[in-house]
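Student: Predicted model, plus sequence, below.
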Amino acid sequence: MKKLLFQFDTDSHPSAFDTVVAYDGGADHVIGYGNITPDNVGGLVDGTIFTRAPKDKKNTAIFIGGSNIEAGQNLLAAVQKHFFPGFQVSVMLDSNGSNTTAAAAVAKLGSSASLAGKKAVVLAGTGPVGQRAAAMIAQEGAQVSITSRHIFNAEKACFAMKERFGVELTPLEAADYDSRAAAIQDANIVLATGAAGVELLKPEHWQNNPHLQLLADANATPPVGIGGTDVLDRGEKRHGKIVWGAIGFGALKLALHRACIAKLFENNKQVFDAEIIFALAKAMA
């Protein structure tokens, strides 16, 4: 009985990255579909749940991806609406790495020091990874702010995470180096989740900050998001701060992603979203 993973992507083309990791995670075949929405997913879900005997349904699973986390959340809800007792398969949501990348970054930060009671800033945190990482840090007991070039986007992200996770986040407008430096002035933790190849802080903006304890940067494309750090940093001490680079915690992200794929095929009733994926990340970290 082959392990089949159906990759439902909200973008036009299913992610090549997610396809590769799916195979590395143990899927025998990955069947990708693009431009999937709540309106057109029904027939595909029916195909996954009506074709195999109850004991064999664990060998079919669904992965939801794409660049838009809101679209991914809506698609996950639509998929689950088609399930009913005896007819369901396991499903995982990871739009743009929103769960696995965020969970790996926060788990590694948490493995370096307690996050509880700290002040944290997620720079350029309105994307899928930044939003969910901010929520995870808040769930660990930190006081978290999200920055954006436009306050409206920061407010929208904070509201979305309150709706989904019940956490209170603070929106900040920070459109340039000086405003981002001001945003982290009293922070103990900084996580940069900006666009690839965009520097958000220069070395002088953080190196002499006496409050900072932990830094992580999710950008692996030069230049890095936090100047003066390295993508390979694995809990390195730089200027008295513990630093994690994108590749430094990326090894956990890939291992976590693969582990989640493998677990999808253990039974047919699992839903891998932020909570379960983050718990697994902390255990693996």
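Tutor: Ah, there it is. Numbers count the residues shown, from 1 in each chain.
Student: What's the separation between the closest residue to residue 258 other than its chain neighbours and residue 210?
Tutor: Distances taken as Cβ to Cβ, 6 or more residues apart in numbering place residue 25 nearest to residue 258, at 3.9 Å, with adjacent residues excluded. (Each C-beta comes from the backbone N, C-alpha and C, glycine too.) In this view, residue 25 and residue 210 are 43 Å apart by Cβ to Cβ, to the nearest Å.
Student: In terms of packing, which of the two has more residues around it?
Tutor: residue 25 (23 against 7; other Cβ atoms under 10 Å).
Student: Which residues are in contact with that one?
Tutor: Shown in contact with residue 25 (Cβ atoms under 8 Å, 6 or more residues apart in numbering): 257-262.
Student: give me that answer again for 7 Å
Tutor: 257-258, 261-262 (Cβ atoms under 7 Å, 6 or more residues apart in numbering).
Student: repeat for residue 222
Tutor: Counting by Cβ under 7 Å, 6+ apart, residue 222 touches residue 197.
Student: so which helix or strand takes in it?
Tutor: When elements are assigned from DSSP states H and E, residue 222 belongs to no helix and no strand.
Student: same deal with residue 266?
Tutor: Judged by DSSP H and E, residue 266 forms part of no helix or strand.
Student: what about it, distance to residue 95?
Tutor: 23 Å.
Student: returning to what we had before: most neighbours among the contacts of residue 25, please name it.
Tutor: Among those, the one with the most neighbours (other Cβ under 10 Å) is residue 257, at 27 neighbours.
Student: Count residues in the vicinity of the residue nearest to residue 239 when sequence neighbours are not counted, would you?
Tutor: Closest residue to residue 239 apart from its sequence neighbours, by Cβ to Cβ, 6+ apart: residue 207 at 4.3 Å. Neighbour count for residue 207, taken as other Cβ under 10 Å: 16.
Student: just checking, residue 207 is part of a strand?
Tutor: No: counting by DSSP: H, G, I helix; E, B strand; the rest coil, residue 207 is not found in a strand; it is coil.
Student: Just want to know which of residue 266 and residue 95 has more residues nearby.
Tutor: More crowded of residue 266 and residue 95, by other Cβ under 10 Å: residue 95, with 26 against 11.
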